[in-house]
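>>> structure, please.
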Amino acid sequence: MTVSTAIQSALPVISNLAILPAVFWAARRALVFESFVLLNVFLWSSIYHVCDSYSLCLLPFRTLWLWDHFFAAYSIIVLAIYASSIQSRHLRLLVLLGLGELLLTGLIWHRHSSNHIFILFGLAAALIALATWLFHGLPHYDWIDFGAGVLLGSSGLLIFALLNSNHSIYWVTHSAWHLAIMLSAYFFLEIRSFRRSLGILLRPQEALLENKPRIGAALEEVITHQQQNASIYEQIRAGHQRIYLARPPPRQEVTILPEKKTSSLQDPFRLPA
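Take a look at the predicted model:
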């Protein structure tokens, strides 16, 4: 095996490392479902390309192809729904499960149209996100990170749809598809951190969902989040529509003065015996 052949075989496998920053970020922020899906993207894509490049197959090639394509397309759906304004976790989970079942069915029955299925479900999830923005209004996201995610994601989809079938440069185009679409996942996940870091005005219920400490946080950070949530609950009771999450509420110190004792002669209200 020559050096060029070794690089061509290894690059589609190594390029899967681009998804790991998004996996670690999601796990650190306790986004369990998102981190699970992205981790499966890394695992199944790596196993599939090891089988494709080196003929070291843990499972039948058709099975590896199916799970690699499923989690790659499903991660696009998950990130699009993550960027939407759907506030109900149950509704978000219902949408994700429904689209996941349709995607898996489409990949099983229309294997040779996988490129079109990628684009179709990606557009469907993007339209759902846009519809929620029109209904609830534009969310307070970091639009720079959002733009970077859209640019990388759309570039990756175009590479996959238009150039991936060229077998002479497959190792280049497919590695570029990996890098673009996997790095876009990190930028899409970052859009929500803008809210807490810069103190954007939020609805109280939305702030309670967003304002939670990361896994492994220090005691001071946990106490800070508890103080913020206590302030949020008070504002919800008071009927405020929006809150500010720039910093924890100031601690209020209460000074208890000693009780002043008065004698019976100095007390003008004391009745005579």
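>>> got the CA coordinates for the helix or strand where Thr132 lies in PDB?
Following DSSP states H and E, the helix or strand that holds Thr132 is helix 114-136. Presented in PDB, the C-alpha positions along helix 114-136 are these (Å, rounded to 0.1, in the frame of the first residue of the first chain):
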ATOM      1  CA  SER A 114     -30.300   8.400  -0.100                       C
ATOM      2  CA  ASN A 115     -29.000  11.800  -1.400                       C
ATOM      3  CA  HIS A 116     -32.500  13.000  -2.000                       C
ATOM      4  CA  ILE A 117     -33.700  11.700   1.400                       C
ATOM      5  CA  PHE A 118     -30.900  13.700   3.100                       C
ATOM      6  CA  ILE A 119     -32.000  16.900   1.400                       C
ATOM      7  CA  LEU A 120     -35.700  16.200   1.800                       C
ATOM      8  CA  PHE A 121     -35.600  15.600   5.500                       C
ATOM      9  CA  GLY A 122     -33.100  18.400   6.100                       C
ATOM     10  CA  LEU A 123     -35.400  20.900   4.400                       C
ATOM     11  CA  ALA A 124     -38.500  19.500   6.300                       C
ATOM     12  CA  ALA A 125     -36.800  20.000   9.700                       C
ATOM     13  CA  ALA A 126     -35.600  23.500   8.600                       C
ATOM     14  CA  LEU A 127     -39.200  24.500   7.600                       C
ATOM     15  CA  ILE A 128     -40.400  23.300  11.000                       C
ATOM     16  CA  ALA A 129     -37.900  25.500  12.700                       C
ATOM     17  CA  LEU A 130     -38.900  28.500  10.500                       C
ATOM     18  CA  ALA A 131     -42.500  27.900  11.200                       C
ATOM     19  CA  THR A 132     -42.000  28.000  14.900                       C
ATOM     20  CA  TRP A 133     -40.100  31.300  14.500                       C
ATOM     21  CA  LEU A 134     -42.900  32.800  12.600                       C
ATOM     22  CA  PHE A 135     -45.400  31.600  15.300                       C
ATOM     23  CA  HIS A 136     -43.400  32.500  18.400                       C
END
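>>> can you give me the strands for this structure?
The residue ranges that make up the strands of the chain, judged by DSSP state E, are 201-202, 243-244.
>>> comparing the ones you listed by mean pLDDT, which bottoms out?
Here the lowest mean pLDDT among the strands of the chain goes to strand 201-202, at a mean of 40.
>>> buried residues, the helix holding Thr132. List them.
When burial is assessed from 16 or more other Cβ atoms under 10 Å, helix 114-136 yields the following buried residues: Ser114, Ile117, Phe118, Ile119, Phe121, Gly122, Ala125, Ala126, Ile128, Ala129, Thr132. From N, CA and C alone the C-beta is placed, and that goes for glycine too.
>>> list the residues that contact the second one.
Neighbouring residues of Ile117 by Cβ atoms under 8 Å, 6 or more residues apart in numbering: Ala73, Leu103, Gly106, Leu107, His110.
>>> which among these end up buried?
When the contacts of Ile117 are checked for burial by 16+ other Cβ under 10 Å, the buried set is Ala73, Leu103, Gly106, Leu107.
>>> would you mind measuring from the last one to Pro12?
Okay, so that is Leu107. Distance, Leu107 to Pro12, by Cβ to Cβ, to the nearest Å: 20 Å.
>>> over to the third one?
For Gly106, the distance to Pro12 under the criterion Cβ to Cβ works out to 24 Å.
>>> quickly check the buried ones among the contacts of Ile117 for the two that are furthest apart.
Among these, the pair separated by the greatest distance (Cβ to Cβ) is Ala73 and Gly106, at 8.9 Å.
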